[in-house]
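Trainee: quick one, what's the 3D model for this:
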Amino acid sequence: MKNMLQMKVLGLAALLGAGMALAGCKSAPELTKDQALALVQAKYDQTAPVGAPVVVDDLGMRQGATAKLWDRTKVYPNKYWADFKLTDTGKKAVKLASGGDTIEWRPTSMTDTKFAITVTTVAANHLKAKEMSDVQDATVVGVDTAKSADFSEAQDLTGVPDAVAQIAHNPGNKLSIKRHAEFALVNGAWTLHDIN
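Mentor: Predicted structure coming up:
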């Protein structure tokens, strides 16, 4: 009976010792929304700055002509096709996908207001990370301890002429998109693992 009691006491002591050892293990440090946002922004700041894509529709073409970003140089016989040449002001503000200086405006009809082209701002900036959601535990392939969160990736229009910024705010333009970030715990510190 005495041996049985000693065995129970030893078993209880072992169980308590194991529980205390587990409780003494350090857990992963907290990753706040602000810290997660800073990790994503640091990645963007290390990446080469880029010009913002700007969709130019019928309204945007008229705004650009009024702002003297481009001038109409040719009207085709159907009366709704035209060529617009970038002015010196326009060349300092936007680049065309073709690399040239002539916008080939080719809507499908006189009433086609959906036709659009995309230009890129000459002013290049780093993307901006904004509005980080709550950071959650996550499962990431190849990562032992991971977290993830959604955020908004926004274009920065700093240095973009007002006329182009106005066109960029027209319908059809997306100045921000939702992205998903994954974070990994590496050597006791959180790092950005991937952006999707």
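Trainee: and the end-to-end length of stretch 162-173?
Mentor: Using Cα to Cα, to the nearest Å, one end of stretch 162-173 lies 16 Å from the other.
Trainee: list the buried residues in it.
Mentor: For stretch 162-173, the buried set under the neighbour-count rule, 16 or more other Cβ atoms under 10 Å, comprises 163, 164, 165, 167, 168, 170, 173. Every residue, glycine included, has its C-beta placed from N, CA and C.
Trainee: how about stretch 115-131?
Mentor: The neighbour-count criterion (16+ other Cβ under 10 Å) identifies 116, 117, 119, 121, 122, 123, 125, 126, 127, 128, 129 as the buried residues of stretch 115-131.
Trainee: show me what contacts the residue nearest the centre of the chain?
Mentor: Of all residues in the chain, the one closest to the mean position by Cα atoms, centre = their mean is residue 153, 2.6 Å from it. Residue 153 makes contacts with 127, 128, 129, 130, 176, 177, 178, 179, 195, as judged by Cβ atoms under 8 Å, 6 or more residues apart in numbering.
Trainee: return the closest of the buried residues of stretch 115-131 with respect to residue 76.
Mentor: Taking Cβ to Cβ as the measure, residue 76 sits nearest to residue 117 out of these, at 16.1 Å.
Trainee: the closest one touches residue 56, doesn't it?
Mentor: Yes. Residue 117 lies in contact with residue 56 (Cβ atoms under 8 Å); the separation is 5.3 Å.
Trainee: and for these two, which residues touch both?
Mentor: Residues touching both residue 117 and residue 56 comprise residue 103, with contact defined as Cβ under 8 Å, 6+ apart.
Trainee: circling back to that earlier point, out of the contacts of residue 153, which are inside helices?
Mentor: Of the positions in the contacts of residue 153, not one sits in helices, assigned by DSSP state H.
Trainee: which of those lies closest to residue 60?
Mentor: residue 176 (18.7 Å).
Trainee: give the bridge partners for the closest one, please.
Mentor: In this entry, residue 176 is beta-bridged to residue 154, by DSSP bridges.
Trainee: fine by me, we can end here.
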